[in-house]
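J.: A predicted structure for the sequence below; I have some questions about it.
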Amino acid sequence: MTPAAISPGAEQAAGFVRQADIVVGIPSFNNARTIGHVVRAVHAGLAKFFPQWTAVIVNSDGGSTDGTRQEVLSAHMDEQHLLLLSTPVSAAHRLSVPYHGIPGQGRAFRLIFEIAERLGAKVCVVVDADLRSIAPEWIDHLARPVLQAHYDLVTPYYHRHKYDGTITNNIVYPLTRSLYGAIVRQPIGGEFGISRKLFHRYLERTDWETDVARYGIDIWMTTIALAENFRVCQSFLGAKLHDAKDPGADLSDMLKQVMGSVFLLMLEYEPVWRVRSGSRPTELFGFRFDVGVEPVAVRVDRMIDAFRAGFRDLHEIWQRVLAPKTYEGVRSVALHGGRTADPFHFSDALWTDVVIDFACAFRRRPMDRGYMMSSFTPLYLGRVASTVLAFEPLTAPEVENEIEQLCLQFERAKPGLLARWDGNGAIVNTKEEAKENTP
């Protein structure tokens, strides 16, 4: 990367510190309640496990108005430097650096990587600002595989409540695993360790102004590493306790942007995933142990209602996206699921076909991607409602087994994906079929 590619603010911040072996980035936006604890845990981890290394903690803030930056500055900081990066520009506490373009987590990550690049860091660790379970050991588990075992990307492995991480469990993990052939359990976990070689590669990319700049950054990072054969591993971090959201709440923007990133990367890396089959384990560092997790409140009835309303309002779009057989399966669930003696159930096979059909339609219909991806949310809510009902009586290991079965279903469906991707499978219903199937 040439110096001209570094933003002026990041250049100024790097000049303030000059050099660091380890950069720990904390993207934030209105996280005053939790970020102080995160900063103190990071500081303690650096002091305990890496006292011989120079380190910098970088808070890249998106314009918080709740005192987040004040909480960062009031956290006890001894040996380590602290940089505050913020947009838009407001009263600077230590150093305020505006970033331009699409606001969001990806922009915060880019600034962190720019700082790490300029400081010559050997490893860049990134952690979420809303963590309540972070411990000093997390910094060791995320950085040491890069520094000592020469991995390029360290992804987190932790226990979560069975209703948490529904986008990961139902879409991103099984699809990414089937495409790129690696078992990475939390590809959008939020905590990463990244080698200098890999974050330099990220900065070389030209797609920072896409959905990557918002919620797509995590899967973007993981996919690039897997597709381009960087060395990837996982580290066990225990439990992830954070500000979890009800899956039935409004996650439509996040869902749209994450899936948009996944599908765009499918287009870019088609030559890679076409020739990969099955899946292989990814090395896991750390001692696994059982931990308690906080419950996540869900409203199944609200999700089912949203799914059925989506069918009423969006069935014409779904008919243009889904293969006839897939559409009929969705129609049956919407009209009959849970209304008879049979429970509401959105099967693994049907769900896999839905995701595959949307991926193929995303490729074929670039002009329709906006409204098409917006129409996906009710389908997702229907699937999540089904899993919540199915998971309710299950233990954590049993839930994990159910997720494993979904992953295997995606892997079995890979030949069908290839056929539909190449246009050998029926996808788009005719107008006559649409009329016949209209509810």
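T.: Cool, the structure landed.
J.: tell me how far the longest helix along the chain is from the chain's mean position?
T.: Ordering each helix of the chain by length in residues (DSSP state H) puts helix 300-321 first. Centroid separation between helix 300-321 and its chain, computed with C-alpha atoms, centre = their mean, to the nearest Å, is 24 Å.
J.: any idea of the mean pLDDT for it?
T.: If you average the pLDDT over helix 300-321, you get 95.
J.: From the contact counts, what lies against the following helix or strand past that helix?
T.: Remark: after helix 300-321, the chain's next helix or strand is helix 324-336, criterion DSSP states H and E. The contact analysis (3 or more C-beta pairs under 8 Å, 6 or more residues apart in numbering; DSSP states H and E) places helix 324-336 against helix 300-321, helix 348-364, helix 376-391, helix 431-437. The way it works is simple: take the backbone N, C-alpha and C, and place the C-beta from them, glycine included.
J.: What residues sit buried inside helix 324-336?
T.: For helix 324-336, burial by neighbour count (16 or more other C-beta atoms under 10 Å) applies to P324, T326, Y327, G329, V330, R331, V333, A334.
J.: centroid residue for the chain?
T.: For the chain, I188 is the residue whose C-alpha lies nearest the centre (C-alpha atoms, centre = their mean; 2.7 Å).
J.: quick one: low-confidence parts of this protein?
T.: 1-10, 12-14, 76-103, 213, 242-250, 289-294, 338-341, 424-439 (pLDDT under 70).
J.: And it, what are its domain boundaries?
T.: Domain ranges of the chain: 6-285, 300-437, per automatic domain parsing.
J.: any idea which of those is most buried?
T.: The highest mean neighbour count among the domains of the chain, using mean count of other C-beta atoms under 10 Å, belongs to domain 6-285: a mean of 20.
J.: so after the strand or helix carrying S261, what's the next helix or strand?
T.: In the assignment (DSSP H and E), S261 maps to helix 252-268. Helices and strands here follow DSSP H and E; after helix 252-268, the next one along the chain is helix 270-273.
J.: quick check, distance from that next one to the centre of its chain.
T.: 21 Å.
J.: on contacts alone, who are the packing partners of it?
T.: Helix 270-273 packs on helix 173-180, going by 3+ C-beta pairs under 8 Å, 6+ apart.
J.: State the distance from H161 to W351.
T.: 21 Å (C-beta to C-beta, to the nearest Å).
J.: oh, I was asking about S332
T.: Distance of S332 to W351, given as C-beta to C-beta: 13 Å.
J.: joint contacts of the two?
T.: Common neighbours of S332 and W351, using C-beta atoms under 8 Å, 6 or more residues apart in numbering, do not exist here.
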